[in-house]
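# predicted model, plus sequence, below.
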Amino acid sequence: NCWQAEVSSGSADLVKIISDGSDESLRIDLDGLTPGSFIAVEIEPLELCKEAFTSLRKLDTIQLNTVVQEMTLLDIQFALFQCDQEGQEFGFGSYNVPGWGELHYCGLAGLVPLLDRMRPANDLGHPLASNLRAGDWLLGYITSRLASQPGTARLAAWFSSAFSSLKVVPRYLIPRYFDSTIMAAYGALQQQSVSLMSPFISTGSDFVQRLAMGSVIHTSAVPSAPLPPLSPALSPPASHPSPTLAAGLPHFSTGYMRSWGRDTFISLRGMLLVTGRYLEARDVILGYAATLRHGLIPNLLDGGKNARFNCRDAVWWWLRAVLDYIEMAQDDGHIMKDPVVRLYPGDDEETVQPLEDVVGEALRMHVAGLQFRERNAGVKIDEHMKDAGFDNEIGVDPDTGFVFGGNTSNCGTWMDKMGSSAAAGIKGVPSSPRDGSAVEIVGLSYSCLRGLAKLGGEVYRHQEVQGMGSLTTWADKIKDNFDKYFWIESKSGAEVDKNPELVNKTKIFKDSLNSGNAFTDYQLRPNYAITLAVAPDLSSPSHAWAALQTLQSSLLGPLGLATLDPTDWAYRGDYDNSNQSTDSTLAHGANYHQGPEWVWPVGFFLRALLKVGKLAGEDEYKTAVSVAGCVLARHYSHLHQSPWLGLPELTNSKGAFCRDSNPIQAWSMATLLDTLYDMHREAA
C-alpha cells in the first residue's frame, strides 16, 4: 500500500512549499516530517524552460543547412579552424578554458576533440563543462567571432538563436545541450566542405574525407602572408584576397613563415588538385610564378618582395605542380597562356608575361648556369649562415643532363637544417647540405621535361633549350645516365663512381652526386622514393623495386620514413630543438633530418611502390597494394586520435611523439591523399 497526496503551497502540515519557482528557485520545508518518513517529489520545469528544452532538442537544422550551404570553403575554414596565430590577425585568438588551456583552434573544431572525450564518459567535471556552467563567456566568444566576418555572419545569427535558449535552461544542463548544438553545426559544416570538393572526396571514404579536411585547415587568406599580385585579366578572376597554403600549424601559419615554395608545391596536388580546388591552385601557381628570379622559385615567399631564393628544388616542385594542374584540372594547357605579373623580370621593374615564358626562363637559366649572391646577405636575412652560404649556384651537367648546385655551406633542398649552436661549434654548418645533384631534383627535372615535351609546341612553345637541344633529348640524356651514376648494386659502387670505397649500403640509389662532402652521396635517405614516384621509368624496374625494398626494411616507421639509415654513424633519431648541449650532432636540433621520421615522404614511397610494382610484375604489384594498405591504416588510426584532426610533421625514432614537431602539416596529409587518389584511379 502507498499513500500519496498533492501538496499545494500552504495547504499541508508535513510538507510546505516555500517558493514555487517563480523567483527562479524551488524551496520546500520538510521540518514536519517524522523520523523514518520519505517523500518523492515531482518537479515540472517552468514554461520558459520547457520552450527552451523543446528548441534545443529540435534545433532548427533546416535553417542551419540553408545558412551553411551558402558558405565557401574559406568561410568554413574561418568557422571551424584557424590556429591561435591566424585568429589573432582577425581579432580573436584561441579560447582559453580555465584549468585546461587554449583550444587548438579558434573555430568550432577546437571544441570537438574535447566534447568527443567528455560525451562517452559523461565527464561533467571537465574544465570545459565547468566553464560553461559558470558563465556565458564561450557562447559570446563563438557568436562574436562568427559575426565579425561577412561569410559567417548568418551562422553567428543561428548560434545566437540557439544560445538564447541555452541560456535559459538550468546551468548544470548547459554542457549537455551545448554539445548537441556545436556538433549539429560541426557536422553540417563538414558535410558542406566535402560537397564543395571533387567527386573523389565527396563520395570517398571517411579516411579520404578526413585527409581532405587538411585542405580546409591549411588554405586561407592571411593578411600577414599575402600572395603576390595576380593579373586582373585572368579568367575566371582571381580570388580577392587570394588564399595561400600554410606549411603547418601552428609554427608555420602566419607572416613570413607561412608560405614556403617547396612545401606549397609538394602539398598542392593533394591539398588543392585532388580536392578539386582548381581556382585556388591556379592562383597559387601564378602567384609564385611572379617571383621567379635566378631561375628559381623562392624558399620563403614573404609576399614576394621579401622572398628568399636559397633553395634549388622549389622550382621543380612548382613546375611539377603546373603539369599536375594541366592534367587534373583538365585545363588543356590554357594555364600556360595565363598572364603572370612578374616582380623580377630584370632587376626591379614589373612586367606581364605568359606562364610558358616564365617556365622557359627557368629552364634556360639552369642550362646556362648561374652563380649569384643572395640580396641583403648577412644577419638581416640569416643570423646563423656563414658568408659562403649566401653564394648560390645552379647548373646542368652537359654530359649527364643532371641539374646540380649549392655548396657545403648552404642547404638548398628540403633537408635544410642550418646549425645554430656556437657552443657546439656548428653555427653556420648545415647538417645535410646535399649539394651537387640531389637525387630527387634529378628525378623531378626528368619528370618535368617529359611532361613539357608531351604537351607539344602549341601548348608549350619552348620545346628547345639552347645548350641541351630538345626537351626530349635532355630527358633522354638523364635517363641514359641515371642508373650508371646513381644505382649501387654492390660494394663496387655505381657503374661510374669516383669513390666506390665509400659504399656502405647496397641495393640503393645514391642520395646525391658530387657533393662536397663525398661520403654523403652514399648515405641511405628516403629521397629516391620521390624520384621513383614522379619518374618510375627512370630506372629499370628490378633496380627500382630492390631499392624500395631497402627503404621499407631500413627506414619505414609507424608513421614516417627515417631521414637517415639507423645504421649510419650520423643517425640521431630523436629531435629536440631546445637541446643546449655541446654535442654537435644534437645541439639546437641539428639532427632535424638525421634520423627523425618524417611523414610526407611516406606518400611518395607508397606511390613509388605502387607504380614500380606494376612495372615489375603482378606479384610485386599485389605486394605493393598490401603494403600500402597496412601502412595507411596506421595514419587513419592517428587521424582519429589527433586533437588537431591531422597528421604531424614528423615523429621521433620508432614513431615516438616529438614535442617540437608541428602537430599537423599540410604535406603530410597531402601526399597520403595523393596515394589514395592514385590507388582509386588505378582501381577504376
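Nice, thanks for sending it over. This one's a predicted model, so the numbers in the text were calculated from it and none came from an experiment.
# hang on, isn't Ser421 packed against Thr585?
No - using Cβ atoms under 8 Å, Ser421 is not in contact with Thr585, being 10.7 Å away. C-beta coordinates here come from the backbone N, C-alpha and C atoms, glycine included.
# ok, those two, which is more surrounded?
Each of Ser421 and Thr585 has its neighbours counted (other Cβ atoms under 10 Å); Ser421 has more, 21 against 17.
# any idea how far the more buried one lies from Gly428?
When distance is defined by Cβ to Cβ, to the nearest Å, Ser421 is 10 Å away from Gly428.
# swap in Tyr256?
21 Å.
# what is the neighbour count of Ala157?
Other residues within reach of Ala157, judged by other Cβ under 10 Å, total 15.
# I meant Val112, not that one.
22.
# ok, and the closest non-adjacent residue to it?
Tyr186 (5.8 Å; Cβ to Cβ, 6 or more residues apart in numbering).
# and what of Val627?
Of all residues not flanking Val627 in the chain, Leu609 sits nearest, at 6.2 Å (Cβ to Cβ, 6+ apart).
# now the one you found: which helix or strand?
Here Leu609 sits within helix 600-616, counting by DSSP states H and E.
# hang on, the residue nearest to Val627 packs against Cys630?
No - counting by Cβ under 8 Å, Leu609 does not reach Cys630; the two are 11.6 Å apart.
# comparing those two, which residue is more hemmed in?
In this view Leu609 and Cys630 are compared by other Cβ under 10 Å, and Leu609 has more residues nearby, 30 against 9.
# ok, that one - contacts?
If a contact means Cβ atoms under 8 Å, 6 or more residues apart in numbering, then Leu609 has Leu548, Gln552, Ala624, Val627, Ala628 as its contacts.
# burial count for the fourth one?
Okay, so that is Val627. For Val627, using other Cβ under 10 Å, the count is 19.
# so what touches whatever helix or strand it lives in?
Using DSSP H and E, Val627 sits in helix 618-641. With contact meaning Cβ under 8 Å, 6+ apart, helix 618-641 is reached by 207, 210-211, 545, 552, 556, 558-559, 599, 602, 606, 609-610, 612-614, 645-648, 672, 675-676, 679.
# give me that answer again for 7 Å
207, 210, 545, 552, 558-559, 602, 606, 609-610, 613-614, 647, 672, 675, 679 (Cβ atoms under 7 Å, 6 or more residues apart in numbering).
# the inter-axis angle of that helix versus helix 600-616?
Relative orientation of helix 618-641 versus helix 600-616 (axes from the mean of the first three to the mean of the last three Cα atoms, to 10 degrees): 160 degrees.
# report the buried residues of helix 618-641.
Neighbour-count burial for helix 618-641, counted by 16 or more other Cβ atoms under 10 Å, picks out 620-621, 623-625, 627-628, 631-632, 635-636, 638-639.
# on that earlier part again, show me which of the contacts of Leu609 is closest to Pro170.
Ala628 (52.4 Å; Cβ to Cβ).
# okay, that closest one: pLDDT?
pLDDT for Ala628: 98.
# Pro241 too?
Reported pLDDT for Pro241: 89.
# one more: Leu249?
98.
# got a list of what it touches?
Cys83, Trp644, Asn662, Ile664.
# grab the nearest non-local neighbour of Ala109.
Nearest one to Ala109, counting by Cβ to Cβ, 6+ apart, is Leu80 at 4.4 Å.
# all helices of the stretch 101-250 of the chain, in order?
Using DSSP state H, counting those that start in this stretch, the helices of the stretch 101-250 of the chain run over 112-121, 127-134, 137-147, 153-166, 174-195, 199-202, 206-218.
# I'd like these laid out as JSON lines, including distance to Met415 and mean pLDDT.
Formatted as JSON lines, these follow (distance: least, Cβ to Cβ, whole Å; pLDDT from 0 to 100):
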{"stretch": "helix 112-121", "distance to Met415": "32", "mean pLDDT": "97"}
{"stretch": "helix 127-134", "distance to Met415": "41", "mean pLDDT": "98"}
{"stretch": "helix 137-147", "distance to Met415": "39", "mean pLDDT": "98"}
{"stretch": "helix 153-166", "distance to Met415": "43", "mean pLDDT": "97"}
{"stretch": "helix 174-195", "distance to Met415": "34", "mean pLDDT": "98"}
{"stretch": "helix 199-202", "distance to Met415": "31", "mean pLDDT": "98"}
{"stretch": "helix 206-218", "distance to Met415": "22", "mean pLDDT": "98"}
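# return the most buried member of those helices.
helix 206-218 (a mean of 24; mean count of other Cβ atoms under 10 Å).
# got the angle between that one and helix 618-641?
Angle, helix 206-218 to helix 618-641, by the same axes, to 10 degrees: 60 degrees.
# outside of helix 206-218, which residues touch it?
Residues from elsewhere that reach helix 206-218 (Cβ under 7 Å, 6+ apart): 73, 76-77, 80-81, 193-194, 197, 201, 245-246, 271-272, 275, 277, 636, 639, 645-646, 664, 666, 669-670, 672-673, 676.
# which other residues reach the helix or strand in which Met679 is found?
Per DSSP H and E: Met679 is located in helix 666-683. Outside helix 666-683, the residues that touch it by Cβ under 7 Å, 6+ apart are 200, 208, 211-212, 214, 218, 245-248, 263, 266-267, 269-271, 274, 599-600, 602-604, 606-607, 610, 628, 632, 635, 646-649.
# cool, and stretch 392-411?
By Cβ under 7 Å, 6+ apart, stretch 392-411 touches 295, 310, 312, 366-367, 369-372, 374, 385-386, 388-389, 391, 412, 417-418, 428, 430, 432-437, 441-442, 445, 468, 474, 477-478, 481, 485, 513-514, 516-517.
# tell me, please, the helix or strand in the protein that averages the lowest pLDDT.
In the chain, no helix or strand scores lower on mean pLDDT, DSSP states H and E than strand 16-20, which sits at a mean of 77.
# what are the buried residues along that strand?
Under the neighbour-count criterion of 16+ other Cβ under 10 Å, strand 16-20 has Lys16, Ile17 buried.
# return the list of helices and strands in contact with the helix or strand following it.
With elements assigned by DSSP H and E, the helix or strand that comes after strand 16-20 is strand 26-29. Contact here means 3 or more Cβ pairs under 7 Å, 6 or more residues apart in numbering; DSSP states H and E; on that basis strand 26-29 packs against strand 16-20.
# just checking, what packs against the strand it packs on?
strand 26-29.
# could I have the strand it packs on exported to PDB, CA atoms only?
In PDB, the C-alpha atoms belonging to strand 26-29 read as follows (Å, rounded to 0.1, in the frame of the first residue of the first chain):
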ATOM      1  CA  LEU A  26      12.100  26.000  -5.800                       C
ATOM      2  CA  ARG A  27      12.200  25.500  -2.000                       C
ATOM      3  CA  ILE A  28      10.300  23.200   0.300                       C
ATOM      4  CA  ASP A  29      10.200  22.900   4.100                       C
END
